[in-house]
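Predicted model follows, preceded by the sequence.
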Amino acid sequence: QKAEWQKLKYEPSVTADGKKFTIAANIGTPNDMAGVNENGAEAVGLYRTEFLYMDSKDFPTEDAQYDAYKKVIEGMHGKQVIIRTMDIGGDKHLDYWDLPDEMNPFLGVRAIRLSLQNEEIFRTQLRALLRASAYGSLGIMFPMIGTLNELRKAKSILNEEKDQLTSQGVSVGSDLQVGMMIEVPAAAVLADQFAKEVDFFSIGTNDLIQYSMAADRGNDNVSYLYQPANPAVLRLIKNTIDAAHDNGIWCGMCGEAAGDSTMFPILLAMGLDEYSMSATSILRIRSLMKKLDTNEIKELANQACFESKTAEENEKLVSDLMAKVD
Ligand code: PEP
Ligand code: MG
């Protein structure tokens with residue numbers, strides 16, 4: 001099987017009926033680029049920049065960040081790279097940043113909340129990203145957006161930094177895109193409004209599932225409630241994809257579900273545009289995509305959201321489907 005998958009390394013990601021989608025890689029550091037290329041990723045769909053902060057002894061300087069971002073962008077030779085601004089807080093802490101203890105860190109000052117409360121640190125990262133954007137095709141993505149105010153604030157800070165750099169004669173990539181993660185249920189519900197103010201969405205199912213099921217993603221004792229295929233979760237995902245398409249923007253997914261064999265046929269039926277996953281999953285999913293015909297699975301989207309009542313029913317739907325195509 002692995003040998004079969006290897007043959008797909010330089011092939012585009014297409015369905016049995018010839019529809020083209022993007023399979024991208026999630027990375028944590030520029031060192032992951034070798035795996036990205038070895039597995040034939042068509043883009044980087046998520047670069048988690050918090051590791052840059054976690055792996056250093058003090059805040060990484062603008063230049064250190066610029067070097068790391070540029071390395072990844074150049075390494076993709078024009079293919080798109082989505083870089084997420086730091087997602088610190090929650091379970092990710094820095095030795096050199098003394099943040100207050102919180103009762104519920106995953107519901108506390110995390111990700112974009114921390115960035116907006118520490119604007120100088122955020123601005124440094126944005127300048128590094130903007131400077132690096134000149135070397136390829138960059139998408140800047142904000143994590144944990146829950147309200148339009150947060151999005152607008154983040155975008156206005158980004159635009160201020162961009163104008164500042166441009167006025168100093170620094171060039172910024174002409175095809176720079178600005179997007180947001182959909183990982184807070186409120187944003188998934190209100191996706192039609194958010195879609196009017198960004199270039200793309202990327203659904204972060206790792207958090208979206210934990211927040212919508214109220215089940216800690218790392219707690220084994222509630223893992224039975226952490227259900228990617230629960231119809232409630234799927235409705236949020238479908239609502240997000242539909243809102244994106246109704247408003248002419250693309251929608252990706254960078255949570256684990258994108259590379260999950262059970263979730264994948266459902267997501268494909270919903271028309272998700274981009275699937276970002278750990279590099280080692282790419283060829284398996286590309287091979288699965290090749291077996292699926294979008295005309296034949298069309299009904300699956302509505303079935304999974306509105307006819308099935310449980311995650312188990314959806315798992316059965318997909319396993320019955322796979323028994324037919326395999
Ligand atoms: C997610 O929440 O699905 C996601 C991709 O982000 P992280 O796993 O880094 O929280
Ligand atoms: Mg997340």
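Yep, that arrived. It should be emphasised that the depicted structure is a prediction, and the values quoted were computed from it without experimental measurement. Ligands and ions are numbered 1, 2, ... in the order given.

so what's Trp1 scoring on pLDDT?
For the record, residue 1 is Gln, not Trp. Turning to Gln1, the model gives it a pLDDT of 79.

just so I have it, where are all the strands in the protein?
Using DSSP state E, the strands of the chain run over residues 22-27, 44-48, 80-84, 137-142, 177-182, 200-203, 250-253, 274-278.

how about JSON lines for the ones you listed, with mean pLDDT added?
Formatted as JSON lines, those follow (pLDDT from 0 to 100):
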{"stretch": "strand 22-27", "mean pLDDT": "98"}
{"stretch": "strand 44-48", "mean pLDDT": "98"}
{"stretch": "strand 80-84", "mean pLDDT": "98"}
{"stretch": "strand 137-142", "mean pLDDT": "98"}
{"stretch": "strand 177-182", "mean pLDDT": "98"}
{"stretch": "strand 200-203", "mean pLDDT": "99"}
{"stretch": "strand 250-253", "mean pLDDT": "98"}
{"stretch": "strand 274-278", "mean pLDDT": "98"}
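
Adding mean neighbour count, write those strands out as CSV.
Every residue, glycine included, has its C-beta placed from N, CA and C. Output for the strands of the chain, formatted as CSV (neighbours: other CB atoms under 10 Å):
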stretch, mean neighbour count
strand 22-27, 25
strand 44-48, 26
strand 80-84, 25
strand 137-142, 25
strand 177-182, 25
strand 200-203, 26
strand 250-253, 26
strand 274-278, 24
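
Same list (these) but as JSON lines, adding distance to Ser56.
Below are the strands of the chain laid out as JSON lines (distance: least, CB to CB, whole Å):
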{"stretch": "strand 22-27", "distance to Ser56": "17"}
{"stretch": "strand 44-48", "distance to Ser56": "15"}
{"stretch": "strand 80-84", "distance to Ser56": "17"}
{"stretch": "strand 137-142", "distance to Ser56": "21"}
{"stretch": "strand 177-182", "distance to Ser56": "24"}
{"stretch": "strand 200-203", "distance to Ser56": "26"}
{"stretch": "strand 250-253", "distance to Ser56": "29"}
{"stretch": "strand 274-278", "distance to Ser56": "23"}
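
Of those strands, give the one that comes closest to ligand 1.
Ligand 1 sits nearest to strand 44-48 of all those, at 5.3 Å, using CB to the nearest ligand atom.

could you dump the closest one to CSV, C-alpha only?
Coordinates of each C-alpha in strand 44-48 appear next as CSV, following Å, rounded to 0.1, in the frame of the first residue of the first chain:
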residue,chain,number,x,y,z
VAL,A,44,1.4,24.6,3.7
GLY,A,45,-2.0,25.0,5.3
LEU,A,46,-0.9,25.7,8.8
TYR,A,47,2.5,26.8,10.2
ARG,A,48,2.1,26.9,14.0
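
ok, is it in contact with ligand 1 or not?
Yes - interface with ligand 1: strand 44-48 contributes 46, 48 (CB under 6 Å from any ligand atom).

I'd like to know how far Phe106 sits from Asp216.
To Asp216, Phe106 is 7 Å away according to CB to CB, to the nearest Å.

Residues that sit against both of those two, list them.
Gln210 (CB atoms under 8 Å, 6 or more residues apart in numbering).

who in the stretch 201-326 of the chain is up against ligand 1?
204-207, 254-255.

Can I get the residues you listed in JSON lines including pLDDT and neighbour count?
Formatted as JSON lines, these follow (pLDDT from 0 to 100; neighbours: other CB atoms under 10 Å):
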{"residue": "Gly204", "pLDDT": "98", "neighbour count": "29"}
{"residue": "Thr205", "pLDDT": "98", "neighbour count": "24"}
{"residue": "Asn206", "pLDDT": "98", "neighbour count": "17"}
{"residue": "Asp207", "pLDDT": "98", "neighbour count": "23"}
{"residue": "Cys254", "pLDDT": "98", "neighbour count": "29"}
{"residue": "Gly255", "pLDDT": "97", "neighbour count": "26"}
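
Thank you kindly, that will do.
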